[in-house]
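Colleague: fold the stuff below for me.
(one chain, ligands or ions: 3)
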Amino acid sequence: MNGPWSELEDGFPAGRLFSQGVSYTYDDVILLPHYIDFPADAVDLSTRLSRRVPLSIPCVASPMDTVSEAAMAVAMATLGGAAVVHGNASPAHQAAIIRSAKSRRIPLVTDPAFFSPSDRIAYDTDFNSAPYALVTESGTTKSRAVGVVAWSDWESLADKNVPVSEYMRPARASAPASCDFEQVAAFLAGEGLEYAPLVAEDGEVVDLVTAEQVQMIRSFPKLGVPSVGPDGRFLVGAAIGTREEDKERLEHLVKAGANVVVVDSSQGNSIYQIDMIKYAKNRYPGLDVIGGNVVTIAQAQNLIKAGVDGLRVGMGSGSICTTQEVCAVGRGQATAVYKVASFAKDHDVPVIADGGIANSGHIVKALVLGASTVMMGSFLAGSHEAPGVFEYQNGRRVKKYRGMGSLEAMTKGSDARYLGDTLKLKVAQGVVGAVADKGSILKFIPYTMQAVKQGFQDLGVSSLQSAHNLLQSEVLRLEIFSPPSPFQREMGYMVKNLLTLSSKSSRKIHSPIDFDVTLVVKSCIENGRRVKKYRGMGSLEAMTKGSDARYLGDTLKLKVAQGVVGAVADKGSILKFIPYTMQAVKQGFQDLGVSSLQSAHNLLQSEVLRLEIFSPPSPFQREMGYMVKNLLTLSSKSSRKIHSPIDFDVTLVVKSCIEVRTGAAQVEGGVHGLVSYEKKPF
Ligand SMILES: NC(=O)C1=CN([C@@H]2O[C@H](COP(=O)(O)OP(=O)(O)OC[C@H]3O[C@@H](n4cnc5c(N)ncnc54)[C@H](O)[C@@H]3O)[C@@H](O)[C@H]2O)C=CC1
Ligand SMILES: O=c1[nH]c(=O)c2[nH+]cn([C@@H]3O[C@H](COP(=O)(O)O)[C@@H](O)[C@H]3O)c2[nH]1
Ligand SMILES: [K+]
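Modeller: Ligands and ions are numbered 1, 2, ... in the order given. Predicted structure coming up:
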C-alpha cells in the first residue's frame, strides 16, 4: 500500500501471527476478507486425504466407536468424503464393518436383525438398528429372503409368542446389491414395491431398502462425486494401533479392502508408531498410511521420515478431550494446523486437521491454515449414520458420543491396548457424553460445505490450493480476538465450581411444586453431598481461630482476609487417588519423551522442550464463559417460576439451562480434579 496509509496494516500474515509463542485455537483467530470475483458455487473443495487418495469434499469421520462404522463409511463416501473405521473391536469385527461398507452401492446401511419363519421375536431391542427385521429361510444372511417384519406389526401383536411366519409381510422380490441408488429407486418403482431385500451376487442378504428411504434421499441436496477406490467400490479407511498384534489386524483390514489406514495414537511421535509405519509401508507399498497425532514440526518431521502419506494433527483439541488437563501436553489447534501444514506441504504430505470442529467456520479456518481435510467426531456423532441408537434425555433425542480415551471406551470388550495392562492404573483422557439428533449427514454435510464455499468466496479463494497459496503469499491476513474481560474470567471460574459440584448427581431432590431455578442450582451445591471443610489460612475464620498467637496482640488492627472458607467434595483416600494422579503425570512425561525429573529438567535447559502460551482466555475459560452465559440467561430471569413435578433430578435443570456433555471423566482417581466434566454447549 502506498500513500499516507502505508503505516497502517490490516492484521498480520500467518507467519508473523503464529510465531509469537502463543497457542491459538480456531476461536482465537479470525480471517480478514479479501476480494470476490467469482460466485460461491465456483469454489472447488476437492482435495486429498493422503498422498494418493483424492476426495471431492474435505471431510473425514473420526475413527471412534461412536462415529465410524459401516453406515458412516458409505454415507461419507457417497458425499465424496471418507470415514476411518475405528479399531476398538476385534480385527475380525473391524474387517466385517469394512466388508459391509464395501458391499454397498447406495448410501444406506440399516443393519436389521435376521429371523427364520419359525422364530419368535421377544424383544423390542431386535428393532434397535432398523424399524424392521428380515426373514430368511434359515434366519441367517446366507439363505433366501422370504419376508419382512415391521416393528409396528410386531408391536401391535397381543401375543408376542407366535412365530414370525404368522405376521411377516412377504418379500415379493429382491434387488441386486450391485444396483446404485437410481437403479434401486427404479426397481422399487417399477415393481410397485414398498420394500425389497438387497441381495449380493453370492446370494447373501445384505440389507433391506424401502421406498420411504428412497423418498428421503431424494429430498436431500443433490449428491456430489462419491469417493471410490481403485477397486471401484466406496472408499473406506481403517484405524490400527501400534502394538505387535496390530500387524495381524492390518492384514485383516487390507484383505477386507481398506483403502487407507490411520495409525491411531494421541502422541504419534513414538518409536512404536515409527516401527508400525515402516512395517506397513514395507509390507503394503500400495497402501497409503496416515500417521499421528502430531502438533509440532519436529514430530511431523519424524513421521514423514518414517514414510507417512498423510499426517493427522491435533492433541487435546477434541470436544471430548481432557488430555491437556490430564497430561499437560497439546497445542492450540489453529497453531498446530498452521505449523505442521506449512512444514508438510514441502514434503507433499496432506494434513488432516483433527478435532475441535464445532461449526463450518472452524472448517474454513482449518483448511485456510493449510489442512487438506478436517476430521470430525462430535460434528457427526448425533447423526443417523453414527453407530448406536437414539435415546431420550430430558425430552431431547440424543446419541452417545465418547472419547476413545474415556474409561468406558478403554474398558470396552476386547480392547487389546489395555488387555495386557490389567495391573496398570487406567487414567482416562476423554469423557462420555451425548450429542443431539442432527438428522442425516447426507443432508447437513452439503449445507455445511455450502457455508465453507461462502467463506472461501469472502476470502477470494476458489480452491484449497489457492487458499494455501494465499496463506503463504501473506496476502491472507489474520487477527486475534481480544482477551476476556476480568468479568468474563471470573464467570468462568464460578461456573467451573458450580459444575464441578452439580453435574454428577443422579440423586433426586424433593422440592415444592413451584420454585426458582436458582434455588435448585444452589441447593444442589449445598445439599446432599459429602464434603469436608477447606479454608484458606488467611481466611477470617482461620485468622480468628482460638489461640492463634499471630493475632492475639492485634485486636485493634483491622483484619483483612486474604482467603476464603469453603468445602471440598469427598475424594476418598489419598492412598487411592494420588497413585492415579501420579499415573497421569507419568503419561504426561511419556508424551514429552522424558523418563525422569532429571531428564525433564535437562530437556528444559537444552531448549528442546517447547512451550506456548494459550491465547487468553484458555479454551477452558472461554468454554466456561459461554456456559455461564447460557446458564445465567436462563436462570437469572428469576422471577420466572418453573412448574415441575415433585420429584426430579437437579442435573436436568442444569442440563436444560445449558446443553452439556457430561461424563464420568475419571471415576477412579479424580485425576483432573473434577468429579465429572462438562463441555461447551452444542
Ligand atoms: N487426539 C488427541 O488429542 C487424543 C486422542 N486420543 C484417542 O484415544 C485413543 C487412545 O490413544 P492413546 O492413549 O494414544 O493410545 P495408544 O495405544 O497409542 O497408547 C497407549 C499407551 O500404550 C503405549 N504403547 C503403544 N504401543 C506400544 C507398544 N508397541 N509397546 C509398548 N507400549 C506401547 C503408548 O506409548 C501409550 O503409553 C486413540 O483413539 C486416540 O486417537 C486420546 C487422547 C488424546
Ligand atoms: O483427548 C482425547 N481424549 C479422548 O478420549 C479422545 N477420543 C478421540 N479424541 C480425539 O478427538 C477427535 C474428535 O474431536 P471432535 O469431537 O472435537 O471432533 C478424535 O478424532 C481424536 O483425535 C480424543 N481426545
Ligand atoms: K498418551
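Colleague: by mean pLDDT, which helix or strand of this protein comes out lowest?
Modeller: strand 508-510 (a mean of 24; mean pLDDT, DSSP states H and E).
Colleague: part of a strand, is residue 602?
Modeller: No: read with DSSP: H, G, I helix; E, B strand; the rest coil, residue 602 is helix and lies in no strand.
Colleague: neighbours of whatever residue of the stretch 101-250 of the chain ends up closest to ligand 1, just the number please.
Modeller: Distances between the stretch 101-250 of the chain and ligand 1 by CB to the nearest ligand atom are smallest at residue 242, namely 3.8 Å. No exception for glycine: its C-beta is placed from N, CA and C like everyone else's. A count of nearby residues for residue 242, using other CB atoms under 10 Å, gives 19.
Colleague: for residue 119, give me its contacts.
Modeller: Residue 119 makes contact with 139, 163-164, according to CB atoms under 8 Å, 6 or more residues apart in numbering.
Colleague: what's the helix or strand for it?
Modeller: Assigned by DSSP states H and E, residue 119 belongs to no helix or strand.
Colleague: quick one, phi psi at it?
Modeller: Here is the backbone geometry of residue 119 (degrees, to the nearest 10): phi -70, psi 160.
Colleague: kindly report the same for residue 352.
Modeller: As for residue 352, its main-chain torsions (degrees, to the nearest 10) stand at phi -100, psi 120.
Colleague: what does the stretch 451-600 of the chain put close to ligand 3?
Modeller: Counting by CB under 5 Å from the ion, the residues of the stretch 451-600 of the chain lying close to ligand 3 are residue 587.
Colleague: what segments of the stretch 451-600 of the chain are strands?
Modeller: Applying DSSP state E, counting those that start in this stretch to the stretch 451-600 of the chain gives strands spanning 478-480, 508-510, 514-515, 531-535, 565-569.
Colleague: the stretch 251-400 of the chain too?
Modeller: 260-263, 288-294, 310-313, 351-354, 373-376, 391-393, 396-402.
Colleague: quick check, the third one touching ligand 2?
Modeller: No: using CB under 6 Å from any ligand atom, we find that strand 310-313 stays clear of ligand 2, coming within 7.1 Å at best.
Colleague: pairing partners for that strand, with directions?
Modeller: Strand 310-313 pairs in its sheet with strand 288-294 (parallel), strand 351-354 (parallel), by DSSP bridges.
Colleague: could you measure the residue of the stretch 101-250 of the chain closest to ligand 1 against residue 475, distance?
Modeller: Separation of residue 242 from residue 475 (CB to CB, to the nearest Å): 41 Å.
Colleague: using the three-state scheme, assign the residue lying closest to residue 275 once chain neighbours are set aside.
Modeller: Leaving aside its chain neighbours, residue 275 sits nearest to residue 242 (7.5 Å; criterion: CB to CB, 6 or more residues apart in numbering). In three-state terms, and counting by three-state DSSP, residue 242 is coil.
Colleague: name the residues that touch stretch 87-97?
Modeller: Under CB under 8 Å, 6+ apart, the answer for stretch 87-97 is 63-65, 69-70, 73, 85-86, 238-241, 246, 248-249, 252-253, 255-256, 264, 404, 409, 412-415.
Colleague: now, those that are in helices?
Modeller: In this view, the contacts of stretch 87-97 that belong to helices under DSSP state H are 70, 73, 246, 248-249, 252-253, 255-256, 409.
Colleague: report the lowest-confidence entry in the residues you listed.
Modeller: Lowest in pLDDT among these is residue 409, which has 85.
Colleague: just checking, that one touches residue 65?
Modeller: Yes: contact criterion CB atoms under 8 Å: residue 409 and residue 65 qualify, at 6.2 Å.
Colleague: who touches both of those two?
Modeller: With CB under 8 Å, 6+ apart, residue 409 and residue 65 have common neighbours 88, 402.
Colleague: in the stretch 301-450 of the chain, which residue sits closest to ligand 3?
Modeller: Residue of the stretch 301-450 of the chain nearest ligand 3, by CB to the ion: residue 327 (6.2 Å).
Colleague: which pLDDT value goes with that residue?
Modeller: Value listed for residue 327 in the pLDDT field: 82.
Colleague: what's the closest non-adjacent residue to it?
Modeller: residue 588 (3.6 Å).
Colleague: if I look at the one you found, what pLDDT would I see?
Modeller: 91.
Colleague: cool, and residue 566?
Modeller: Residue 566 is given a pLDDT of 66.
Colleague: then residue 622?
Modeller: 61.
Colleague: what's the answer for the one 3 residues further on, then?
Modeller: At residue 625, the predicted lDDT confidence score is 57.
Colleague: repeat for residue 27
Modeller: Looking at residue 27, its pLDDT reads 86.
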